[in-house]
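# Fold the following, please.
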Amino acid sequence: MIISLLASLLAIMGLIAPAATAETMRERQWYLDRMQAESMWKVSTGKGITVAVLDSGVDTSAPELKGKVLEGKNLVEPSKDARTDPDGHGTAISMLIAGNGAGGQGIKGLAPDARILPLTVFGSTKESGTNSIPGLINAIRYAADSDAQIINMSLAFPYYQVNKTELGKLQKAVDYAVSRGKLLLAGSGNDGETSNDITYPAANKGVAGVSAVDSSLTTTKFSNHGSFVTLAAPGKDIPIRCIGKAGYCRSWGTSQATAIASGAAALIWAKHPKWNGNQVLRVMMETAGKPTEGKIPSRYIGYGTIRPRYNVLENKGSPGSADTNPLVPAQAGGPSSPSSSQSRSASASPQSGSSESEASEGGDDGASPLLWIVGAVVVVGGGLFLFLRRRRAS
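Below is the predicted model:
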């Protein structure tokens with residue numbers, strides 16, 4: 001009954017277009033230049049920060065992750081090691097966060113000196129993978145009690161897959177993690193063009209839901225959108241290690257966007273080690289590239305597209321109170337956030353970051369396709385979103 005984790009349930013995103021030219025890995029990671037990563041790395045590399053990756057496990061044999069992966073725990077099948085990854089998704093996500101570049105041949109993470117705490121929340125069999133909400137709940141609590149500062153959840157469960165009892169337990173786990181000073185980020189989901197369901201844990205109070213933008217900093221059509229979106233990050237044409245095949249593949253999804261947002265948070269936190277998750281999130285929200293139209297937060301990119309360099313290089317953004325999560329309503333009512341006076345409604349069309357954001361981030365503003373030679377023809381993008389969608393009618 002062993003299967004490649006969730007293989008029959010993942011969203012298959014399509015074929016890679018025929019390669020026109022060979023590009024270096026650095027060129028494929030277009031978002032690093034956009035965010036001026038090289039300049040930021042002179043100030044912060046994420047050293048001293050641990051990111052808990054709640055996913056399918058992490059393969060420690062990946063050269064990009066050598067010496068970066070802690071022991072972790074499998075919260076679904078305790079007898080199995082979290083440092084294995086039958087699916088490959090958790091490994092790909094970890095590379096985007098903390099990859100070392102493997103001598104220029106592999107993926108370079110946005111926070112290359114951060115460490116990864118793997119927490120497995122998806123089982124390797126059909127039976128153990130039927131309902132991963134309990135595993136997710138336990139993993140959040142485990143991460144809250146660990147030394148990890150950031151909890152990365154590149155996954156999304158549509159509302160109809162989370163029953164009332166589970167939702168209550170999930171919120172309590174999130175509340176506990178926030179009370180422990182953690183920063184929680186989760187993907188908004190990848191069915192924005194179809195059902196566009198509310199998803200959890202992105203919609204849990206205190207969790208920053210992350211949508212995806214493309215190389216023109218425009219919201220992707222596939223990103224789920226709604227009031228649960230807090231930030232946006234690059235999530236299209238993102239190179240990852242091919243799942244089940246050799247080489248590197250072009251991928252897309254809010255899984256990837258969440259990982260890149262976690263890397264950005266690690267850079268900021270490493271520069272300000274005395275801050276907690278509430279303060280890092282508040283600065284990320286304040287320095288984000290705001291929507292060019294409509295109200296803030298918008299349904300598509302929330303408070304905007306991440307711009308970590310505004311804090312890392314320019315010290316912009318006020319951390320505010322360590323005791324108040326900017327996404328949780330204050331006692332007096334209303335969100336305690338940089339835009340607390342503004343409605344959570346937004347314009348009815350996809351948005352991009354501000355023109356100032358696009359210009360200041362540098363690089364080519366064009367959205368030319370990334371075509372490269374890899375050892376595979378199928379891309380699995382978006383990761384663990386739409387998990388168990390075929391069980392909707394049950």
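# for the stretch 1-150 of the chain, which spans come out with low pLDDT?
1-22, 126-131 (pLDDT under 70).
# Now do the helices in it.
Ranges of helices in the stretch 1-150 of the chain, per DSSP state H, counting those that start in this stretch, are 25-28, 30-34, 37-41, 89-98, 133-144.
# and what of the stretch 201-350 of the chain?
With DSSP H, counting those that start in this stretch as the criterion, the stretch 201-350 of the chain has helices at 254-271, 277-287, 309-312.
# The shortest one - what's its average pLDDT?
Across helix 309-312, pLDDT averages out at 98.
# Kindly report the same for the first one.
Helix 254-271 shows a mean pLDDT of 98.
# and if you look at stretch 279-289?
98.
# go on, stretch 202-213?
98.
# Highest mean neighbour count out of the helices of the stretch 201-350 of the chain?
Mean neighbour count (mean count of other C-beta atoms under 10 Å) peaks for helix 254-271 among those, with a mean of 30. Using the backbone N, CA and C atoms, a C-beta is placed for each residue, glycine as well.
# Next, the angle from that one to helix 277-287.
Angle, helix 254-271 to helix 277-287, by axes from the mean of the first three to the mean of the last three C-alpha atoms, to 10 degrees: 110 degrees.
# and residue 293, how many neighbours?
For residue 293, the neighbour count with other C-beta atoms under 10 Å is 12.
# contacting residues around residue 323?
The neighbours of residue 323, taking C-beta atoms under 8 Å, 6 or more residues apart in numbering as the test, are residue 278.
# Quick check: the spatially most central residue of the chain vs residue 86, distance?
Per C-alpha atoms, centre = their mean, the C-alpha nearest to the average position across the chain is that of residue 258, at 1.1 Å. From residue 258 across to residue 86, the span is 21 Å (C-beta to C-beta, to the nearest Å).
# repeat for residue 32
From residue 32 to residue 86 the distance is 29 Å (C-beta to C-beta).
# Which stretches in the stretch 251-394 of the chain count as strands?
378-379 (DSSP state E, counting those that start in this stretch).
# Same question for the stretch 101-250 of the chain.
115-120, 150-153, 157-158, 183-187, 199-200, 208-213, 229-234, 236-241, 248-252.
# Which one of those strands lies nearest to residue 266?
strand 150-153 (6.2 Å; C-beta to C-beta).
# Number of residues surrounding residue 105?
Residue 105 has 11 nearby residues by other C-beta under 10 Å.
# ok, it touching residue 28?
No - look at residue 105 against residue 28 with C-beta atoms under 8 Å: they stay out of range, at 11.6 Å.
# picking up where we left off before, turn the strands of the stretch 101-250 of the chain into a markdown table, including mean neighbour count and distance to residue 94.
Shown next, in a markdown table, are those (neighbours: other C-beta atoms under 10 Å; distance: least, C-beta to C-beta, whole Å):
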| stretch | mean neighbour count | distance to residue 94 |
| --- | --- | --- |
| strand 115-120 | 28 | 5 |
| strand 150-153 | 31 | 9 |
| strand 157-158 | 25 | 21 |
| strand 183-187 | 31 | 14 |
| strand 199-200 | 28 | 22 |
| strand 208-213 | 31 | 16 |
| strand 229-234 | 29 | 16 |
| strand 236-241 | 25 | 10 |
| strand 248-252 | 24 | 14 |
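# who wins for proximity to residue 317 among those strands?
strand 229-234 (13.0 Å).
# which outside residues touch the closest one?
Contacts of strand 229-234 (C-beta under 8 Å, 6+ apart): 30-31, 34, 185, 188, 202, 208-215, 219, 223, 256-258, 260-261, 264, 281, 284-285, 288, 297-306, 327, 353.
# Please repeat the previous calculation with a cut-off of 6 Å.
Contact with strand 229-234 is made by 31, 188, 208-211, 213, 257, 260-261, 288, 301-302, 305-306, as judged by C-beta atoms under 6 Å, 6 or more residues apart in numbering.
# Also stretch 255-269?
40, 44, 46, 49, 51, 93, 96-97, 109-111, 114, 149-150, 152, 154, 183, 185, 187, 210, 212, 231, 233-235, 238, 280, 306, 308, 311-312, 382-383.
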